[in-house]
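Asker: show me the folded form of this:
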Amino acid sequence: MLKNVKANLNNSIFKDRLRVDKDYLMSLDLRALLQNYTVEAGVILEGNQITPDPSNTYLHWGWESPTCQLRGHFLGHWMSACAHILAVEKDRQLEARLYEVIDKLAYYQELSDDGWVGPIPEKYFYILRHTDRYIWSPQYTMHKLFLGLVDVYDLLSYKPALNILSKLSDWYVKWVRENDKVCPEATLLGETGGMLEIWARLYMITGQKKYLDLAHAYEKSGILSALDKGEDPLTGNHTNASIPWAHGTAAMFIATKDKKYLDLTKKFWKCAVNDREQYATGGQNAGEFWIPKGKLGEYMGDRNQEFCTMYNMVRLADYLYKFTGDKEYLDFIEINIYNGFLAQQNPQTGMPTYFLPMKSASKKVWGSKTHDFWCCHGTMIQSQTLYSELAFYEEDESIVVGQYIPSKLSFGTKGNTVTVSLLADMNSTQVDSLFEEKGGERSGSWSFILDIEAEKEKELTIKLRIPGWIKGEPYVLIDKKKRKVTKKEIESGFVIITGKFKKNVINIAFEAPLYVLTLPDRKDLGAVMEGPKVLASVGESAVLEDDPENCLIPKTERVYQTYPWMYGHYLLPQNGADKEFMPLYEIVDEEYSIYQKIRE
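Answerer: Okay, the predicted model is just below:
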C-alpha cells in the first residue's frame, strides 16, 4: 500500500498560505482555547469569575461561546493542525504551546472521578440515551478532541496524549455497554460518523481489543448498510455528517485487512463522486446537503460548497489513492486544493468562508479570528497543514509526485540519504502560477524541476502524475536529454522513470489549456478553467460566445509580491469594456461569478 511522505514546503503559494495559518495558530490565547474545558472541569477561568464587559475579554465567542452546545470543538482542530506542522518542521514555541494544552487537559481529567474530560457535560450523552430532546452533535464535538489527541500521539509520540485517550475511551466503553442494555441506538446518535475512524486508529496504535470492540459498536450505520445494498443513502443527506463514515471504513480496512471495509469505502466514493456530478470547483452540496444527480444548476445559490466537505473529501481521496494507486483520486485532490483549500481561505487573515456561493455576483463571507469558530474554521486550519503530505507518496523503492506542490523530502538509510526537491522551473516560458524574474522572462508552475541527490548511487523509481486536464503530452527532460513519454504511460496517468540516481535533474512541463465546464442541467452556464483552476469573472457573469482560448486575452502586470508577475488573469472584451477573469483563489472581497453565460 502507498503511504504519504511528509515533505518540507519550498517557496510557493502553498508555503505562504501555511505561514498565514501557522501565524493564526500561534496568535490564539491558550486560556481561550481551553475555556470550555476549564469551565467543565469546575475550574475558574482566569480573570473571568465575573465578566462585566464581554467585549473586553480574551474569551472566544460564536460556536465556542460557553452557551453553544457545540462549544470546544475547535481545540481538537487546533491540536491536529499543530501536530501536522510539528511533524514536518521544528518549532519549539509551537510545540511548547501544544504540550501545555495537553498537560492542562490531563490535569482536568485528573479532577474527574470517571475519566471524563471534555468541553461539554457527560449528561449530553445520557440525554441521547433517555430522551428525544435535541442536543447539537455531542459526538461530533468529542470526535474533534479525540482526533487532535490521536494526531498528537501518532505524529509526535507525546505520551500524555495517549494517556488521556486511554482513560477517556474507558468512559466510552462503559457508556456503550450501558446503551446495549437499554437503548443500543444511542451509540449512533449525535453525529457520530467520525468516531469509527478514531477507534480504528487507536486499535492500530495500541493493539488493544477495547478499541476494536468500540469500532464494531460504532460501525452499525444506516448509511453503510444502504451502500452495501447498492442504494444511494447520500442524496438529500447531510454531506459532512456522512463523509466521515467512509474515513472510518478506510481506517478499518487498514486496521483489520478485511476487504469488506475497502469495498464499502469504494462504494461510498462511487455514490458520492462517480454517480453524481461536481461543480467545476469540486463542490457537491447546497445548504450542507448532497445535491441529487443532474441538478447542480437547480441548486446553485449562496450556500454551496461547505468547506468541511472539501477537506473531508480530500482526506477520503487520499485514503483511496493509497489503497488503489488510481490517478483519478489525485486529480480530484488537485481540483479541490485550488478551488477549495486555497479559494476558501482568506490569504491575508487565514480565515475561512463557510460556503462558496455559485450564483452570479457572489461574495465570500469571511469568518473572524475569535467571534465565529464555525466547523469550517476548524477544518480550514487543518487543511493548510496537509500540503506537505499530499505532494509525495512512497511505495517500496518508488516515489510518486502526487501533487505539484513545491517541496523537499529526504529518505533512505544512514550513509545513503536521498533528497528529492520539487521546484517551479523559472527558466520555462510557460505562463502560470509561480513567477520569478529571470533573464527578462516569465515562467510558470506547470513547468517543474525535480532535483535528486543521493550520497551513494541509488536505484529508484520516480512516478510523475500526468494531470487529467493536460493539453497534448508532457514534456520531459532527464539531465537535459529529452525523454519520450510512451502511450502506455499516458494511459496509466504517470511518467515512470526508473534508474540509478546520484545527482540528477528531471524537468517536466505541462500545457494548461483554457476550457469550459458546463452544468448537467444548464448547458447555457459554464465555468472557465485554466488547468485545474477556476477562473472567476469579477462582478456579474460574463457572456462567452467563443472558445475561451480564442476570446480571452492574457493580462500581465508586475506586482512585486512573492511572485512578481501576475498570472492566470485574462480580459474579455464585452459591451465596449474589458471583463476581468482571475483565479478564484485570488478573489477576496470582490464580487465574482464562477459560471458564465454560454452562447453558441
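
Asker: residues near Glu459, how many?
Answerer: Applying other C-beta atoms under 10 Å, we find 10 residues neighbouring Glu459. For the C-beta atoms, the positions are set from N, CA and C on the backbone; glycine is no exception.

Asker: show me the contacts for it.
Answerer: By C-beta atoms under 8 Å, 6 or more residues apart in numbering, Glu459 lies in contact with 397, 498-501.

Asker: confirm it sits in a strand?
Answerer: Yes: looking at Glu459 with DSSP: H, G, I helix; E, B strand; the rest coil, it is inside a strand.

Asker: got a list of contacts for stretch 376-383?
Answerer: When contacts are defined by C-beta under 8 Å, 6+ apart, stretch 376-383 is touched by residues 21, 24-25, 63, 73-74, 76-78, 80-81, 84, 144, 306-308, 310-312, 314, 340-341, 344-345, 350-354, 367.

Asker: 7 Å instead, please
Answerer: Stretch 376-383 is contacted by residues 21, 24-25, 73-74, 77-78, 80-81, 144, 306-308, 311, 341, 344-345, 352, 354, 367 when judged by C-beta atoms under 7 Å, 6 or more residues apart in numbering.

Asker: which residues does Val538 form beta bridges with?
Answerer: Under DSSP bridges, the beta-bridge partners of Val538 are Tyr592.

Asker: return the helix or strand in this protein with minimum mean pLDDT.
Answerer: Ranked by mean pLDDT, DSSP states H and E, the helix or strand of the chain with the weakest confidence is strand 407-413, at a mean of 91.

Asker: alpha carbons only: can I get it in PDB?
Answerer: Output of strand 407-413 as PDB, limited to C-alpha atoms (Å, rounded to 0.1, in the frame of the first residue of the first chain):
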ATOM      1  CA  SER A 407       8.500  20.700  -1.600                       C
ATOM      2  CA  LYS A 408      11.600  18.800  -0.500                       C
ATOM      3  CA  LEU A 409      11.900  15.400   1.100                       C
ATOM      4  CA  SER A 410      14.700  13.200   2.400                       C
ATOM      5  CA  PHE A 411      14.700   9.500   3.000                       C
ATOM      6  CA  GLY A 412      17.000   6.400   3.000                       C
ATOM      7  CA  THR A 413      19.400   4.900   5.400                       C
END
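
Asker: just how off-centre is it within its chain?
Answerer: Mean C-alpha position of strand 407-413 versus that of the full chain (C-alpha atoms, centre = their mean, to the nearest Å) differs by 23 Å.

Asker: next one: stretch 588-600
Answerer: Stretch 588-600 has its average C-alpha position 25 Å from the chain's average C-alpha position, going by C-alpha atoms, centre = their mean.

Asker: now do that stretch, average pLDDT.
Answerer: Averaging pLDDT along stretch 588-600 yields 95.

Asker: show residues contacting that stretch.
Answerer: Counting by C-beta under 7 Å, 6+ apart, 280-281, 346-347, 358, 360-363, 516, 518, 524-528, 534, 536-545, 584 sit against stretch 588-600.

Asker: now the end-to-end length of that stretch.
Answerer: Using C-alpha to C-alpha, to the nearest Å, the span of stretch 588-600 from its first residue to its last is 32 Å.

Asker: what's the angle between the helix or strand just after the least confident helix or strand of the chain and strand 407-413?
Answerer: Once the chain leaves strand 407-413, the next helix or strand it forms, by DSSP states H and E, is strand 416-424. Orientation check (axes from the mean of the first three to the mean of the last three C-alpha atoms, to 10 degrees): strand 416-424 against strand 407-413 gives 170 degrees.

Asker: got a list of what the residue nearest to Ala272 when sequence neighbours are not counted touches?
Answerer: Leaving out its chain neighbours, the residue that sits closest to Ala272 by C-beta to C-beta, 6 or more residues apart in numbering is Leu234, at 5.9 Å. Contacts for Leu234 (C-beta under 7 Å, 6+ apart) come out as 242, 271-272, 290.

Asker: taking the residues you listed one by one, which sit in helices?
Answerer: Those of the contacts of Leu234 mapping onto helices are Ser242, per DSSP state H.

Asker: which of the contacts of Leu234 sits closest to Phe392?
Answerer: Within the contacts of Leu234, proximity to Phe392 (C-beta to C-beta) peaks at Ala272, which comes in at 26.0 Å.

Asker: who wins on neighbours among the contacts of Glu459?
Answerer: Top of these by neighbour number is Phe501, holding 19 neighbours under the definition other C-beta under 10 Å.

Asker: make sure that one is indeed in a helix.
Answerer: No: read with three-state DSSP, Phe501 is strand and lies in no helix.

Asker: which element, helix or strand, includes the residue lying closest to it once chain neighbours are set aside?
Answerer: Leaving out its chain neighbours, the residue that sits closest to Phe501 by C-beta to C-beta, 6+ apart is Ile452, at 4.7 Å. Here Ile452, judged by DSSP H and E, is contained in strand 447-465.

Asker: and stretch 134-149, how far out from the chain's middle?
Answerer: On C-alpha atoms, centre = their mean, the centre of stretch 134-149 falls 19 Å from that of its chain.

Asker: give the buried residues for it.
Answerer: 135, 137-149 (16 or more other C-beta atoms under 10 Å).

Asker: then stretch 126-134?
Answerer: Neighbour-count burial for stretch 126-134 flags 127-129 (criterion: 16+ other C-beta under 10 Å).

Asker: stretch 593-600 now?
Answerer: Result for stretch 593-600 [16+ other C-beta under 10 Å]: buried residues 593-598.

Asker: kindly reformat these as a markdown table and extend each row with secondary structure and distance to His371.
Answerer: Listed next are the buried residues of stretch 593-600 as a markdown table, based on DSSP: H, G, I helix; E, B strand; the rest coil; distance: C-beta to C-beta, whole Å:
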| residue | secondary structure | distance to His371 |
| --- | --- | --- |
| Ser593 | strand | 29 |
| Ile594 | coil | 28 |
| Tyr595 | strand | 32 |
| Gln596 | strand | 35 |
| Lys597 | strand | 38 |
| Ile598 | strand | 41 |
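
Asker: what is the nearest of these to Leu34?
Answerer: Looking across the buried residues of stretch 593-600 and measuring by C-beta to C-beta, the closest to Leu34 is Ile594, at 39.5 Å.

Asker: so where is the chain shaky, pLDDT-wise?
Answerer: Residue ranges of the chain with pLDDT under 70: 426-445, 559-565.

Asker: can you list the domains in it?
Answerer: 34-220, 393-511, 514-598 (automatic domain parsing).

Asker: using JSON lines, lay out these together with distance to Leu262.
Answerer: Output for the domains of the chain, formatted as JSON lines (distance: least, C-beta to C-beta, whole Å):
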{"stretch": "domain 34-220", "distance to Leu262": "13"}
{"stretch": "domain 393-511", "distance to Leu262": "17"}
{"stretch": "domain 514-598", "distance to Leu262": "27"}
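
Asker: how far away from the center of its chain is the longest helix anywhere in the chain?
Answerer: Using DSSP H, we find that the single longest helix of the chain is helix 159-182. Remark: helix 159-182 is offset 29 Å from the chain centroid, using C-alpha atoms, centre = their mean.

Asker: repeat for stretch 369-388
Answerer: 10 Å.

Asker: start and end of it, how far apart?
Answerer: End-to-end for stretch 369-388, by C-alpha to C-alpha: 24 Å.

Asker: buried residues in it, which are they?
Answerer: For stretch 369-388, by 16+ other C-beta under 10 Å, it's 370, 372-388.

Asker: contact partners for Met300?
Answerer: Counting by C-beta under 7 Å, 6+ apart, Met300 has contacts 358-359.

Asker: in what helix or strand does Ile335 lie?
Answerer: Using DSSP H and E, Ile335 maps to helix 327-336.

Asker: contact partners of that helix?
Answerer: Residues outside helix 327-336 that contact it (C-beta under 7 Å, 6+ apart) are 273, 282, 310, 313-314, 317-318, 320-321, 390, 402-403, 465, 467-468, 493-494, 532.
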